[in-house]
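Undergrad: Next come a sequence and a model predicted from it.
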There are 2 protein chains.
Amino acid sequence: MSWEDNVRKVVPYVAGEQPRKTDIIKLNTNECPYPPAPGVGRMAAQMDYSALRLYPDQNTTILVEALADYYHVKPGQVFVGVGSDDVLSMAFMTFFNGGSPVLFPDVTYSFYDVWAEVHRIPYKTCPLDENWHIRPEDYRQPNGGVIFPNPNAPTGLTESLETVERIIRANRDVVVIVDEAYVDFGGVSALGLLEKYDNLLVVQTFSKSRAMAGMRIGFGIGNEKLIRYLNDVKFSFNSYTMNLPSQLLGAEAVRDEAYFREITGKIIATRERVKGELRKLGFTFPDSRANFIFATHPSIPAKQIFQALREADIYVRHWDKPRISEYLRITIGTDEQMDTLLAFLRDYVARVL
Amino acid sequence: MSWEDNVRKVVPYVAGEQPRKTDIIKLNTNECPYPPAPGVGRMAAQMDYSALRLYPDQNTTILVEALADYYHVKPGQVFVGVGSDDVLSMAFMTFFNGGSPVLFPDVTYSFYDVWAEVHRIPYKTCPLDENWHIRPEDYRQPNGGVIFPNPNAPTGLTESLETVERIIRANRDVVVIVDEAYVDFGGVSALGLLEKYDNLLVVQTFSKSRAMAGMRIGFGIGNEKLIRYLNDVKFSFNSYTMNLPSQLLGAEAVRDEAYFREITGKIIATRERVKGELRKLGFTFPDSRANFIFATHPSIPAKQIFQALREADIYVRHWDKPRISEYLRITIGTDEQMDTLLAFLRDYVARVL
């Protein structure tokens, strides 16, 4: 017998490429093209580094309270983690603990099946309809929990609050997680449903609309009892996960609502302009409410465009997966970055066709 | 049926008290009384906060390479995590995955049984001998893995490299984790055994000797195959756990060996002086090689001393647990802090006896 016999063997998630080259246009991992709020920079510069000798506040009070203030909920309704991936993984472990399969869409965030595998949770995917929308009736079958992003990734499509509520209402005996990583770019949040449903967990992130992917901050909001269960599991892993800079800089980011409105507004405006330009080139796409566009071209293979862009140092995302292999997910960058992309595509489409 | 039926219910770990009062002498969670290396402060002040908009390097290259350089191992032998608790929890999940019980001492770091519970790993504790030492023969029984700290906590006692090697040699078919959180205060590291044993994982932390508990950085060193398994599980949870400040500031801390030697040397000198003073007051204790002393008084109950200290705003650690309820774990602070503690105890012991 060898020690390797006892090893948990998993197929790890493969994240979007993070090229080391810096002179590229990076539209492949849905980062924000603008810097974090100016207060984040001020706080970073004035932080007393000698305080790092002490453990950080394990309750992350300053950040939890900033989020509770902003979203008009109680601090006991807020759970924070090391990116929304940490929040979601803990939620899978805490709530998807029965024997029945967890349900999520077939085309969705590619981490859900990875978490199910690593935590040994059975799961079943429900196909999106031909327009990439969720069919709420699929979520009426027996299950051990439900999770979906809204807006969905990588499609960018948002479901109405009515659809979301139908799914939650049909699943009062399990936890329903709505993953709102992209909600601030024109989606509609389920936070307003929290007063009616104690089985709802809404998860958001600082990595997109708060421009802080490098800081690793995510959060979940739910009723206090549900958040308590989540914290109990979290504290069984690690009492202190949010380091001091995350707590201080994260709170600063939340406090600057004007800046947040400004950058999300700019990204939305750029997205809508890019949609028009892509249409002129023959691309089609679901009507994204996220900070990316999921586009396909009727006559040029997606992989070919992907590789041509890459050679031009423009990085977008492409998956060799069923249903979506003819699509590119293009993050919305600055207007200047998008103009470079569009100029390349204009030239490329004309050349290839 | 309710959603609560599916919840994983755990008894969470209770960490040492983190009082919000600032004018106290805090000797209860084994933090370093000195600030991190000066380079950490310089890096914090000059960090470009706008880079936070991007995801951090998921391979944590800068920090992994700094550690590999320092410990003379290959980068592929180093795993980093959000504090050593993150590293250890991932290691439990990755390696302690058979059906047989994992073995660890009865008196030890209080997170081991918590991780076993949350990951549903059977475990069995092996009693330390009457002098608080590990009995290597206890680790010859069938098991699914072995973990122990060296020096042990909360005793502070170190086991010889021969004892450590005996345990590893007897357990080639499982992974043996040596938790060296306190090794830099006079312990002896098992890192030198890595060339001989591919089933060994050595775990250390930045929270004690590197004075960076607030940054949450821990690391494990093992053979490359073992570290690859650990990374596969880690990447199934969360691709990006080490935020940008952790990577940059952590690497700076590792690079300043002179400062590291200086502060650990000061703590060792203070510890040895405090041992002498405590002995004069009648206290006895195992001969600690860590940054704390585990002391008992023959005629005054530990809990009573604990409470008297607390009322004087001096916080130490006490557990109401079998075998150790008559002991106090006292972190080594600055000389000035320890003088205040000793003055209080001199007065208190004279008053009570």
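TA: Yep, it's here.

Undergrad: Tell me the bridge partners for A:Val146.
TA: Partner residues in beta bridges with A:Val146, using DSSP bridges, are A:Leu103, A:Val176.

Undergrad: ok, now which ones touch it?
TA: Neighbour list for A:Val146: A:Val102, A:Leu103, A:Phe104, A:Tyr139, A:Ile167, A:Asn171, A:Val174, A:Val175, A:Val176, A:Ile177 [criterion: CB atoms under 8 Å, 6 or more residues apart in numbering or on different chains]. All C-beta spots, glycine's among them, are computed from the backbone N, C-alpha and C.

Undergrad: how much space between it and B:Asn243?
TA: 30 Å (CB to CB, to the nearest Å).

Undergrad: Tell me the one among the contacts of A:Val146 nearest to A:Asp48.
TA: Closest approach between the contacts of A:Val146 and A:Asp48, by CB to CB: A:Ile177, at 37.3 Å.

Undergrad: thought the closest one was touching A:Pro149?
TA: No. Applying CB atoms under 8 Å as the test, A:Ile177 and A:Pro149 come out as separate, 9.3 Å apart.

Undergrad: so the closest residue to A:Ala190 other than its chain neighbours, which of the three states?
TA: Sequence neighbours aside, A:Val178 is the residue nearest to A:Ala190 in space, at 4.5 Å (criterion: CB to CB, 6 or more residues apart in numbering or on different chains). Three-state call for A:Val178 (DSSP: H, G, I helix; E, B strand; the rest coil): strand.

Undergrad: and A:Val178, how far is that from A:His119?
TA: Distance from A:Val178 to A:His119, by CB to CB: 20 Å.

Undergrad: Look at those two and report which has more neighbours.
TA: The residue with more neighbours, out of A:Val178 and A:His119, is A:Val178; 24 against 19, by other CB atoms under 10 Å in any protein chain shown.

Undergrad: do you know how far that one is from chain B?
TA: As judged by CB to the nearest CB, to the nearest Å, A:Val178 and chain B stand 14 Å apart.

Undergrad: now do A:Met212
TA: Distance, A:Met212 to chain B, using CB to the nearest CB: 5 Å.

Undergrad: Identify the residues contacting that residue.
TA: A:Met212 touches A:Pro36, A:Val40, A:Phe206, A:Leu249, A:Gly250, A:Ala253, B:Leu52, B:Arg53, counting by CB under 8 Å, 6+ apart.

Undergrad: can you tell me which two in those are farthest apart?
TA: Once CB to CB is applied, the contacts of A:Met212 give A:Gly250 and B:Arg53 as the farthest pair, at 13.9 Å.

Undergrad: Looking at the two, which is more packed in?
TA: More crowded of A:Gly250 and B:Arg53, by other CB under 10 Å: A:Gly250, with 28 against 21.

Undergrad: Surely A:Arg42 is in a helix?
TA: Yes. In this structure, A:Arg42 lies within a helix as judged by three-state DSSP.

Undergrad: so what's the residue lying closest to it once chain neighbours are set aside scoring on pLDDT?
TA: Spatial nearest neighbour of A:Arg42, excluding adjacent residues (CB to CB, 6+ apart): A:Glu252 at 7.5 Å. Per-residue pLDDT puts A:Glu252 at 98.

Undergrad: ok, residues contacting the helix or strand in which A:Glu252 is found?
TA: Using DSSP states H and E, A:Glu252 sits within helix A:244-255. Identification of contacts with helix A:244-255 by CB under 8 Å, 6+ apart yields A:36-37, A:39-40, A:42-44, A:47, A:51-52, A:56-57, A:60, A:62-63, A:65-67, A:69-70, A:80, A:82, A:206, A:210-212, A:215-217, A:242, A:260, B:44, B:49, B:52, B:214-215, B:243, B:245.

Undergrad: how far does that helix sit from the chain's center?
TA: In terms of CA atoms, centre = their mean, to the nearest Å, the centre of helix A:244-255 is set 19 Å apart from its chain centre.

Undergrad: Kindly report the same for stretch A:140-155.
TA: With CA atoms, centre = their mean, you get 13 Å for stretch A:140-155.

Undergrad: what about the strands in the stretch 201-350 of chain A?
TA: Ranges of strands in the stretch 201-350 of chain A, per DSSP state E, counting those that start in this stretch, are A:218-221, A:292-295, A:314-315, A:328-331.

Undergrad: how about TSV for these, with mean pLDDT and distance to chain B added?
TA: Listed next are the strands of the stretch 201-350 of chain A as TSV, based on pLDDT from 0 to 100; distance: least, CB to the nearest CB, whole Å:
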stretch	mean pLDDT	distance to chain B
strand A:218-221	98	10
strand A:292-295	98	15
strand A:314-315	98	12
strand A:328-331	98	11
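
Undergrad: Mind putting those strands into a markdown table with distance to B:Ser110 and mean neighbour count?
TA: As requested, the strands of the stretch 201-350 of chain A are exported to a markdown table (distance: least, CB to CB, whole Å; neighbours: other CB atoms under 10 Å in any protein chain shown):
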| stretch | distance to B:Ser110 | mean neighbour count |
| --- | --- | --- |
| strand A:218-221 | 27 | 24 |
| strand A:292-295 | 45 | 26 |
| strand A:314-315 | 46 | 21 |
| strand A:328-331 | 45 | 27 |
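
Undergrad: measure A:Val316 to B:Ile227 for me?
TA: A:Val316 is 32 Å from B:Ile227, where distance means CB to CB.
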